[in-house]
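A.B. asks: Need the 3D shape of this:
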Amino acid sequence: LNIPVAIKVLPASASHDRAMRVRFEREARRAATLQHGSIVRVYDYAFEEGMYYIVSEFVEGTDLKKLIKANRGPLPVAQVLKYAREVAEALDFAHEQDIIHRDIKPSNILINTQHDRAVLCDFGLARMVEGEELDVTSERGTTPGTPAYMSPEQCLGGGLDHRTDIY
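C.D. replies: Below is the predicted model of the structure:
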């Protein structure tokens, strides 16, 4: 189609793990339902030549973690408020669809430098508020997520709702 895309590939070591394949496919399916200007669009999910992959929108720019580090100090308040509003709008939209992201952190917020817009990505840990088939914990008995950014109830492996993303 002559458009740049990002391709996320499930590592070969994980492609033999049924739970990882299910989580990867679930990420693609859930993210594809979220059509919002501040959420990375997913175009396709496939298995080809021994590889599982997700094809998504390519966001020109950087992630918020790198932007903060490169700035070597606080970002301007107006810029922080703008990005926070855009991420909040993306989360509100996902929550309206009964999807909880569960891994909100600076590296999962892309900054589109062309449009100076925050875009939420990586729904790999996302789950439905109701009707989740897989348990909140991983097969190893640990709670998935990034500990430094997890809500207390997520750390404890408890029941989650949209508030865990807001935390």
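A.B. asks: so where is the chain shaky, pLDDT-wise?
C.D. replies: Applying pLDDT under 70 to the chain picks out residues 125, 127-144.
A.B. asks: which residue ends up closest to the midpoint of it in space?
C.D. replies: Central residue of the chain (CA atoms, centre = their mean): residue 122, 2.5 Å from the mean position.
A.B. asks: What is the longest helix along the chain packed up against?
C.D. replies: For the chain, the helix with the greatest residue count under DSSP state H is helix 77-96. Judged by 3 or more CB pairs under 8 Å, 6 or more residues apart in numbering; DSSP states H and E, helix 77-96 is in contact with strand 109-112, strand 117-120, helix 163-166. No exception for glycine: its C-beta is placed from N, CA and C like everyone else's.
A.B. asks: From the chain's centroid, how far away is the first one?
C.D. replies: Going back to what we said before, that points to strand 109-112. Its chain's C-alpha centre and that of strand 109-112 lie 12 Å apart, by CA atoms, centre = their mean, to the nearest Å.
A.B. asks: one step back: helix or strand next in line after the longest helix of the chain, which one?
C.D. replies: Next helix or strand after helix 77-96 toward the C-terminus (DSSP states H and E): strand 99-100.
A.B. asks: Parallel or antiparallel, list what pairs with that following strand.
C.D. replies: Sheet pairing for strand 99-100, assigned by DSSP bridges, gives strand 127-128 (antiparallel).
A.B. asks: distance between the ends of stretch 9-25?
C.D. replies: 11 Å (CA to CA, to the nearest Å).
A.B. asks: should've said stretch 147-156
C.D. replies: Taking CA to CA, stretch 147-156 runs 11 Å from one end to the other.
A.B. asks: Please enumerate the strands of this protein.
C.D. replies: Per DSSP state E, the chain carries strands over the ranges 5-9, 42-48, 51-57, 61-63, 99-100, 109-112, 117-120, 127-128.
A.B. asks: Looking at those, spot the one closest to residue 36.
C.D. replies: Evaluated over the strands of the chain, closeness to residue 36 peaks at strand 117-120, with 8.4 Å, by CB to CB.
A.B. asks: From the contact counts, what lies against that closest one?
C.D. replies: Secondary-structure packing of strand 117-120 (3+ CB pairs under 8 Å, 6+ apart): helix 77-96, strand 109-112.
A.B. asks: Run through who's touching it.
C.D. replies: Strand 117-120 is contacted from outside by 37-40, 59, 64, 82-84, 86-87, 90-91, 94, 101, 104, 108-112, using CB atoms under 8 Å, 6 or more residues apart in numbering.
A.B. asks: and the gap between residue 155 and residue 77?
C.D. replies: Separation of residue 155 from residue 77 (CB to CB, to the nearest Å) stands at 30 Å.
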